[in-house]
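[1] Model the following, please.
(one chain, ligands or ions: 1)
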Amino acid sequence: MRAPIGRLPPSPWRTPEGEVGPCGSVRGGPTSRHPLRASRSCGPSFTSAQCARQSEGPHPRHGEPPVRRAMPSSGRALPMSEIAAPHLDRWYTYDQLTEYLHALEGPFGQRCRLSSIGTSPEGRELWMMEVTDLTGGDPEQRPAYIVQANIHAKEVAGTNSSLTLAWDLLANTPEDIDTHALLREVTFYIIPRINPDGAEFALTGGEIRSRREDLREPNCIYQADVDGDGVIVDMRVERPDGGWKAAPDDPRIMIAREPGDREGTFYAVYTEGLVHDPDGCDPGYAARSHDFNRNWPANWHQEHEQPGAGDYPFSEPEMRAFADFVYSHPNIFGVLGFHCGSSAVLMPPSAGSVDDILPADLRVFEELGQRAAELTDLKLMPTINYASKPPIALKGHSADWGYQHMGLFHFEIEQGNIYNASGTKTEDFLAEYEGFKLKYATEIMRYHDEHPEQEMFVDWHEVEHPQLGRVEVGGWKKYWMINPSFETLREWIAPGSSRFIIEYAARHARLEISDLDAEEVAGGIYRVRARVMNSGGFPTNITQRAMALRSLKPVTAELVLPEGAELLSQKRHFAIGQLAPHARSAQLEWFVRCEPGAELTVLARSQRAGVAEQSVACRSGGAAL
Ligand SMILES: [Zn+2]
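    Predicted structure coming up:
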């Protein structure tokens, strides 16, 4: 049973008359059954062309620090009538993603702009879509939510979900939250594909975590499309000492040879590829696998203790570009990463214990996480429990970085994999799954047979390998193993995740100036009083952890004087500290000598809660000193 979705109380973001988004009417398509969502449609009809290429081996990994820069208009922006919601029934190649992002700027140019936070080692842009109101004010002064997806190369569904968030904000899709009003107060930084090189290779069907360097060592296989069919799958070769055999009821499925297995045909299984400098012996592998989600500085350990960690924290150019962006944007108050492991909503810790989270923060984490779980039909769990034998310790992981280093409520949404798609619950998957068990192998093959149009599995077929002789090529395209079904993506994951992020953002801390008055207390002398308060849903520090880190600047307030006015008080600026929501306001007072009717302005700033500004004209009367 899916969890019931509770309705929210009336939102302050929805205008009374119910503002209609610029794309209120979109082209027809499948209607979402998600209870909090208006109907949606499919976007421009991209082909599902894939882009097989040979793995190109080592490439430079330590380039210049990437610099964010605006991209010149490509001239490819589409008119509004041509743009629609992103696809949730296919995966995006880099070119298709680039085209869609540029296209969004056409009808929605007042609320989004595309830039690149850096360039990948293979020369692709790390696209960042900034979604906010661009018609006035400084977007970098607004509290901001950042989303990154596809850090793991095969987990391409995160791109679709990120684009869904952008679309929902731009097209004002929610029925009860006016996202266009929200965009006047909050900025969204959406990075739909932080690892475009990895994703592009993953879409060939080959094996890759985040980056894989197939080293050109003698007699070692490097991944390549041997039979020229445009995809990279597996090769099986009959060997008396092979460790694999075909499943008795379905010879497409390869299962591990049991101890004592002597009868039958046995195979060696390799990834599809060519052998570098072959010597005729059985080939091996020489690859270095990078896991960008072990490359964060929190609890980072070297490769021998944490495979995939990289040479040092943020050593990978894509991760360093992300870090450079985040550390230069102290307005960020929320962060989420999209992944495609067995379905779950993950919160910290990713190593250590839940006791490492401050109690006040843990309560909010659980409240927020439960809401995410409810909206996505997933289960909330701390990352340390996301394993068959918990607790685990993921070192150098983003969740601990987000909370422990940045003091943010960091979430990951694991959108689901092929096992979930074929009907397995995450609890059962984690409890039972060790290795590639026949039960699961059979279920995912059934799922494949029910969805032949998705072309997830390539039937084994004989190929004359230029180096190995006769082999069979076939097997799973690896990326299909680690993405959700289109049905759950469309009905729950993408709309639910988007909804969660929008609700979180709508709860942002919000500075407000009230009771501002400038009253004459003696001839030409005015007493200025004001309150600065937080009328949002988070404290201005967001987490207690952020207080412990001592990295946040205090909320400040200052009095801005017109020409000719003289401040009689000693201080013009006040450091207020951090403000809890609706808990206490800071009461401020200045004395000024100026002309009657002069306009004075109070300006308050917070790194994570934005800016508030209010002006008042000096008025006569009131009590004498
Ligand atoms: Zn992942």
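[2] Which element is encountered next along the chain beyond the top strand by length along the chain?
    Of all the segments assigned as strand in the chain under DSSP state E, the longest by residue count is strand 511-522. Remark: after strand 511-522, the chain's next helix or strand is strand 525-534, criterion DSSP states H and E.
[3] Could you tell me how many residues sit around residue 229?
    15 (other C-beta atoms under 10 Å). For the C-beta atoms, the positions are set from N, CA and C on the backbone; glycine is no exception.
[4] which residues pair with the residue in the stretch 251-400 of the chain positioned nearest to the ion across the strands?
    Taking C-beta to the ion as the measure, the stretch 251-400 of the chain has residue 339 as its residue closest to the ion, at 3.2 Å. When bridges are called by DSSP bridges, residue 339 pairs up with residue 414.
[5] Wait, it touches residue 411, no?
    No: Residue 339 lies out of contact with residue 411 (C-beta atoms under 8 Å); the separation is 10.6 Å.
[6] if we can go back for a sec, and the residue of the stretch 251-400 of the chain closest to the ion, what is it in contact with?
    Listed by C-beta atoms under 8 Å, 6 or more residues apart in numbering, the contact set of residue 339 reads 151-152, 155, 158, 293, 346, 412-415.
[7] May I ask which two of these are separated the most?
    Maximum pairwise distance in the contacts of residue 339, criterion C-beta to C-beta, is 14.6 Å, between 293 and 415.
[8] Now residue 265: phi and psi?
    With angles defined as degrees, to the nearest 10, residue 265 shows backbone torsions of phi -100, psi 130.
[9] Thought residue 244 was touching it, still the case?
    No: under the criterion of C-beta under 8 Å, residue 265 makes no contact with residue 244, lying 9.8 Å away.
[10] And those two? Which one has more around it.
    Neighbours per residue, other C-beta under 10 Å: of residue 265 and residue 244, the larger number sits with residue 244, 17 against 13.
[11] Just want the phi and psi numbers for the more buried one.
    On the backbone of residue 244 - angles per degrees, to the nearest 10 - the values are phi -130, psi 160.
[12] what's across from it in the sheet?
    residue 256, residue 267.
[13] quick one: pLDDT of it?
    In the predicted model, residue 244 carries a pLDDT score of 96.
[14] Check residue 621 too.
    Residue 621 is assigned a predicted lDDT (pLDDT) of 70.
[15] before we move on, what about residue 82?
    According to the predicted model, the pLDDT of residue 82 comes to 67.
[16] Likewise for residue 41?
    For residue 41, the model assigns a pLDDT of 38.
[17] repeat for residue 27
    Per-residue confidence for residue 27 comes out at a pLDDT of 27.
[18] At the contact with the ion, which residues of this structure appear?
    Residues of the chain found near the ion, taking C-beta under 5 Å from the ion as the criterion, are 152, 155, 339.
[19] Show me which of the residues you listed is closest to residue 92.
    Nearest to residue 92 among those, counting by C-beta to C-beta, is residue 155 at 12.5 Å.
[20] isn't the closest one right up against residue 338?
    Yes: contact status for residue 155 versus residue 338: in contact at 7.3 Å, counting by C-beta under 8 Å.
[21] Between the two, tell me which one has more neighbours.
    residue 338 (30 against 27).
[22] quick one on the thing from earlier: look at residue 293 and residue 415 and report which has more neighbours.
    Set residue 293 next to residue 415 and count neighbours by other C-beta under 10 Å: residue 415 wins out with 32 against 23.
[23] Phi, psi for that one please.
    Backbone phi and psi, for residue 415 under degrees, to the nearest 10, turn out to be phi -80, psi -10.
[24] if I pick it, what's in contact with it?
    Taking C-beta under 8 Å, 6+ apart, one finds 155, 157-158, 161, 338-340, 343, 483-484, 488-489, 493, 497 in contact with residue 415.
[25] got a winner among those residues for most neighbours?
    Note: the member of those with the most neighbours is residue 158, at 33 neighbours, neighbours being other C-beta under 10 Å.
[26] packing partners for the host helix or strand of that one?
    Taking DSSP H and E as the definition, one finds residue 158 inside helix 157-170. Judged by 3 or more C-beta pairs under 8 Å, 6 or more residues apart in numbering; DSSP states H and E, helix 157-170 is in contact with helix 94-108, strand 125-131, strand 144-149, helix 179-182, strand 187-191, strand 332-339, helix 494-506.
[27] got those as CSV, with mean pLDDT columns?
    As requested, these are exported to CSV (pLDDT from 0 to 100):
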stretch, mean pLDDT
helix 94-108, 97
strand 125-131, 98
strand 144-149, 98
helix 179-182, 98
strand 187-191, 98
strand 332-339, 98
helix 494-506, 98
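[28] what residues are shared contacts of residue 155 and residue 338?
    Counting by C-beta under 8 Å, 6+ apart, the shared contacts of residue 155 and residue 338 are 149, 415.
[29] quick one on the thing from earlier: in the longest strand of the chain, what's buried?
    Within strand 511-522, the residues that qualify as buried are 511-513, 516, 518-520, counting by 16 or more other C-beta atoms under 10 Å.
[30] which helices and strands does it pack with?
    Using 3+ C-beta pairs under 8 Å, 6+ apart as the test, strand 511-522 ends up in contact with strand 525-534, strand 599-606, strand 610-617.
[31] Pipe the ones you listed into TSV and attach mean pLDDT per row.
    As requested, those are arranged in TSV below (pLDDT from 0 to 100):
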stretch	mean pLDDT
strand 525-534	98
strand 599-606	98
strand 610-617	97
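[32] For those strands, give me a markdown table that also has distance to residue 278 and mean neighbour count.
    As requested, the helices and strands packed on strand 511-522 are exported to a markdown table (distance: least, C-beta to C-beta, whole Å; neighbours: other C-beta atoms under 10 Å):
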| stretch | distance to residue 278 | mean neighbour count |
| --- | --- | --- |
| strand 525-534 | 67 | 22 |
| strand 599-606 | 63 | 21 |
| strand 610-617 | 62 | 16 |
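[33] Appreciated, that's everything.
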